[in-house]
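In: the following block contains a protein sequence and its predicted model.
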Amino acid sequence: MLRAGMIRKVAAGIYTYLPLGLRVIRKVEQIVRDEMNRTGAQELLMPMVQPSELWLESGRWGKYGKELLRFKDRGEREFCLGPTHEELITDLVRAEVKSYRHLPQILYQIQTKFRDEIRPRFGLMRGREFLMKDAYSFDRDEESARISYDKMGRAYHRIFERCGLEFKPVEAESGVIGGSFSQEFMVLAETGEDRLVACHSCDYAANVEKVKEGSSCPRGHGLLTTHRGIEVGHIFMLGTKYSEAMKAVIQDQNGKEVCPVMGCYGIGVSRTAAAAIEQNHDKKGIIWPLPLAPYQVQVIPVNNQSERVMITSELIYGTLSNLGMEVLIDDRSERPGVKFNDADLIGIPYQIIIGEKNMAEGLVELKERRNGKIKKVTTDEVIDLVKKLVLPPSKPTES
Ligand SMILES: Nc1ncnc2c1ncn2[C@@H]1O[C@H](COP(=O)(O)OP(=O)(O)O)[C@@H](O)[C@H]1O
Ligand SMILES: [Mg+2]
Ligand SMILES: [Zn+2]
């Protein structure tokens, strides 16, 4: 990401998203937002700075270690930078929601988190400051909470599918309730820090923190195999841990006071962008899955001095842009080799290469970044081809 001009390091685990990198982040965000909204969850935005009082109430001020960055304001009041928002959301809901009639509620935000990680590494993969989508569900009872949890699980499937990533939901150690009430969504990649075991004949999979390597599939399909993955999402059934500690109560059907049952659901937005690269690259650089690519098409005029090349390049650039595609044109006066290498490095899925020799025959080249295949076609054909490859069919069918 550094080489490709996607990010710049500011301090350990703290990065600036450059224009190209930010476009990828926004793509992930949009998919996440879309699928969250489809479940009926509502977006809000909580502050990053959180007062210690709420953390004292939940009991985590003393328990959360050095990852919690604490500081004082000018009046000596203690605060922290939010690594997660259970306290704030519980405080909000206890003030606003009084009756079971107002539940279920799922609220989410896409926001900057800070965790003073002991070993920040691999760029956006394990940052100290990073972007997370965090959602919180509130239900009147366990049964209803399970429905919210399953709804989030299905949304996570759709999110990572729409990102174009190969992933696996795995059973995870929940630490709170146990059982199968915590699942991690792993993007499969050789470089992943997490290890998981998976069955080859069914969809059973678990984090090795929960199920030992060399175990058998509980559904009787023989031994589980080990894979490496990157945790991009995590869904948790929390129960009443926070609502009880912070005395959030609602009236149930019988007028009795009960604590709402909570769930929390995280997606590492910036980590997902990095994980996409770990899964999709070659020696030359990034190979973006189309849904996350900063641009969909890159137009490369081989020689800027040629008027014919520039006119055709601008024409193709303009036509594709007007059709609603996201197009980048490399109009720098660089040598062809530099342009080709940079194009492969930043990994935009389709390249249209316009050179003088081909132009003489009325042709341009369409190169697919993923397999390097090049097609020589006319300028009209290239528009049609790219349109089919990039634009969704006019009536998208939802699964
Ligand atoms: N240091 C980090 N840098 C980038 N993303 C992170 C980081 N820590 C967590 N995430 C992302 O946020 C999601 C939710 O985090 P969570 O499960 O609460 O943290 P953890 O797995 O570290 O206990 C994770 O699945 C991951 O995608
Ligand atoms: Mg986790
Ligand atoms: Zn199995």
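Out: Structure's in. What do you need? Ligands and ions are numbered 1, 2, ... in the order given.

In: and the host helix or strand of residue 275, average pLDDT?
Out: In the assignment (DSSP states H and E), residue 275 maps to helix 269-279. Averaging pLDDT along helix 269-279 yields 98.

In: what about residue 38, how many residues nearby?
Out: 13 (other Cβ atoms under 10 Å). (Each C-beta comes from the backbone N, C-alpha and C, glycine too.)

In: can you give me the distance of it to residue 225?
Out: 34 Å (Cβ to Cβ, to the nearest Å).

In: same thing with residue 101?
Out: Counting by Cβ to Cβ - residue 101 and residue 225 are separated by 48 Å.

In: for those two, indicate the residue with more neighbours.
Out: Taking neighbours as other Cβ under 10 Å, residue 101 and residue 225 compare with residue 225 leading, 14 against 11.

In: give the contact list for the more buried one.
Out: Shown in contact with residue 225 (Cβ atoms under 8 Å, 6 or more residues apart in numbering): 197-200.

In: in the stretch 151-300 of the chain, what residue lies closest to ligand 1?
Out: Closest residue of the stretch 151-300 of the chain to ligand 1, Cβ to the nearest ligand atom: residue 268 (2.3 Å).

In: can you count the residues close to that residue?
Out: Other residues close to residue 268 by other Cβ under 10 Å number 25.

In: if we can go back for a sec, how far does the helix holding residue 275 sit from its chain's centre?
Out: The chain centre lies 7 Å from the centre of helix 269-279; the measure is Cα atoms, centre = their mean, to the nearest Å.

In: what comes into contact with that helix?
Out: Applying Cβ under 8 Å, 6+ apart, the contact partners of helix 269-279 are 1, 17, 21, 24-25, 28-29, 32, 110, 122-127, 130-133, 160, 163-166, 187-192, 230-232, 286, 288-289, 292, 347.

In: now, the residues you listed that are in strands?
Out: Those of the contacts of helix 269-279 mapping onto strands are 17, 110, 130-133, 187-188, 230-232, 286, per DSSP state E.

In: and residue 239, how close does it get to residue 38?
Out: For residue 239, the distance to residue 38 (Cβ to Cβ) stands at 26 Å.

In: which residues does residue 165 contact?
Out: 187, 232, 272, 275-276, 279, 289.

In: show me which of the residues you listed neighbour ligand 1.
Out: Restricting those to those near ligand 1 by Cβ under 6 Å from any ligand atom leaves residue 232.

In: which pair of the contacts of residue 165 spans the longest distance?
Out: The span of those, defined through Cβ to Cβ, is set by 232 and 289 at 13.3 Å.

In: looking at the two, which is more packed in?
Out: Legend: neighbour count by other Cβ under 10 Å for residue 232 and residue 289, higher for residue 232 (26 against 19).

In: residue 217 touches residue 203, doesn't it?
Out: No: when contacts are counted by Cβ atoms under 8 Å, residue 217 is not listed as touching residue 203 (10.3 Å).

In: please say which of these two ends up with more neighbours.
Out: The residue with more neighbours, out of residue 217 and residue 203, is residue 217; 20 against 10, by other Cβ under 10 Å.

In: quick check: closest non-adjacent residue to the more buried one.
Out: Spatially, and ignoring its direct neighbours in sequence, residue 217 is nearest to residue 199 (4.0 Å; Cβ to Cβ, 6 or more residues apart in numbering).

In: residue contacts, that neighbour?
Out: Going by Cβ under 8 Å, 6+ apart, residue 199 touches 205, 217, 219, 221-222, 224-225.

In: against residue 233, how distant is residue 202?
Out: Residue 202 is 21 Å from residue 233, by Cβ to Cβ.

In: just residue 109 next, same as before
Out: Per Cβ to Cβ, residue 109 is found 15 Å from residue 233.

In: neighbour count winner among the two?
Out: Ranked by neighbour count (other Cβ under 10 Å), residue 109 and residue 233 place residue 233 first, with 27 against 18.

In: mind listing the residues bridging to the closest residue in space to that one that isn't next to it in sequence?
Out: Take residue 233 and drop its neighbours on the chain: the residue closest to it by Cβ to Cβ, 6+ apart is residue 185, 3.6 Å away. Counting by DSSP bridges, residue 185 is bridged to residue 169, residue 233.

In: show me what the nearest residue to residue 141 once chain neighbours are set aside bridges to in the sheet.
Out: Spatial nearest neighbour of residue 141, excluding adjacent residues (Cβ to Cβ, 6+ apart): residue 261 at 6.2 Å. Beta-bridge partners for residue 261, by DSSP bridges, are residue 139.

In: same check, this time on residue 226
Out: With DSSP bridges as the rule, residue 226 is bridged to residue 197.

In: could you tell me how many residues sit around it?
Out: Counted with other Cβ under 10 Å, the neighbours of residue 226 add up to 12.

In: what's the answer for residue 213, then?
Out: Neighbour count of residue 213, defined by other Cβ under 10 Å: 12.

In: mind listing what the closest residue in space to it that isn't next to it in sequence touches?
Out: The shortest distance from residue 213 to any non-neighbouring residue, by Cβ to Cβ, 6+ apart, is to residue 226 (5.2 Å). Residues counted as contacts of residue 226 (Cβ under 8 Å, 6+ apart) are 195-197, 208, 213.

In: can you tell me the element residue 317 falls in?
Out: Element membership for residue 317, per DSSP H and E: helix 307-322.
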